[in-house]
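Chemist: Whatever this is, show me its structure:
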Amino acid sequence: MKYLNRLLLICIMLSAIVGFAATRAATGSITIVNNSSRSISHVYFAHSNSDDWSNDQLNDNAIAAGQSFTISNVNWDQSQVKVIAENQDGCFLTTVVDSNGSVTWTITDSTAANCGGN
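Modeler: Numbers count the residues shown, from 1 in each chain. Just a heads-up that it's a prediction; the model follows:
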């Protein structure tokens, strides 16, 4: 009986360790390259299957046409993150990227944009 109790305790501890590792936040960086003709005034993050937008990640900066901006130490609780960029015309561009490691999103004039029906 003592052996079974120890075995059960070990199984519970291993399950807890595996569960903790699976829910750890992913950390990475996202570089946004603006190859469009419009500046990017705001960048937000959201869960890939939701519209729970974060605060503006540019902190009152803008990404001018032809420039890039890297957001470092992105901590996310899922394996993917939705990145939403708002350009100077108020149009929203989105992509979903892996949240672990370094990724680059290049925005061009042909990147699909949601301009609110305009």
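
Chemist: rest of the way, CA atoms for contacts and neighbours
Modeler: Fine.

Chemist: Check the separation of the first and last residues in stretch 83-96.
Modeler: Taking Cα to Cα, to the nearest Å, stretch 83-96 runs 6 Å from one end to the other.

Chemist: Model confidence for residue 73, exactly?
Modeler: Looking at residue 73, its pLDDT stands at 85.

Chemist: which ones are touching it?
Modeler: Listed by Cα atoms under 8 Å, 6 or more residues apart in numbering, the contact partners of residue 73 are 27-29.

Chemist: that's a strand at it, yeah?
Modeler: Yes. Judged by DSSP: H, G, I helix; E, B strand; the rest coil, residue 73 forms part of a strand.

Chemist: picking up where we left off before, can you add secondary structure, distance to residue 85 and neighbour count and give the contacts of residue 73 back as JSON lines?
Modeler: What follows is the contacts of residue 73, written out as JSON lines (DSSP: H, G, I helix; E, B strand; the rest coil; distance: Cα to Cα, whole Å; neighbours: other Cα atoms under 10 Å):
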{"residue": "27", "secondary structure": "strand", "distance to residue 85": "20", "neighbour count": "18"}
{"residue": "28", "secondary structure": "strand", "distance to residue 85": "18", "neighbour count": "17"}
{"residue": "29", "secondary structure": "strand", "distance to residue 85": "16", "neighbour count": "18"}
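
Chemist: Just name the lowest-scoring one in those, pLDDT-wise.
Modeler: residue 27 (81).

Chemist: Can you give me the distance of that one to residue 48?
Modeler: 16 Å.

Chemist: cool, residue 93 as well?
Modeler: In terms of Cα to Cα, residue 93 sits 14 Å off from residue 48.

Chemist: Need the contacts of residue 73 in TSV (columns: distance to residue 65).
Modeler: Formatted as TSV, the contacts of residue 73 follow (distance: Cα to Cα, whole Å):
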residue	distance to residue 65
27	27
28	24
29	21
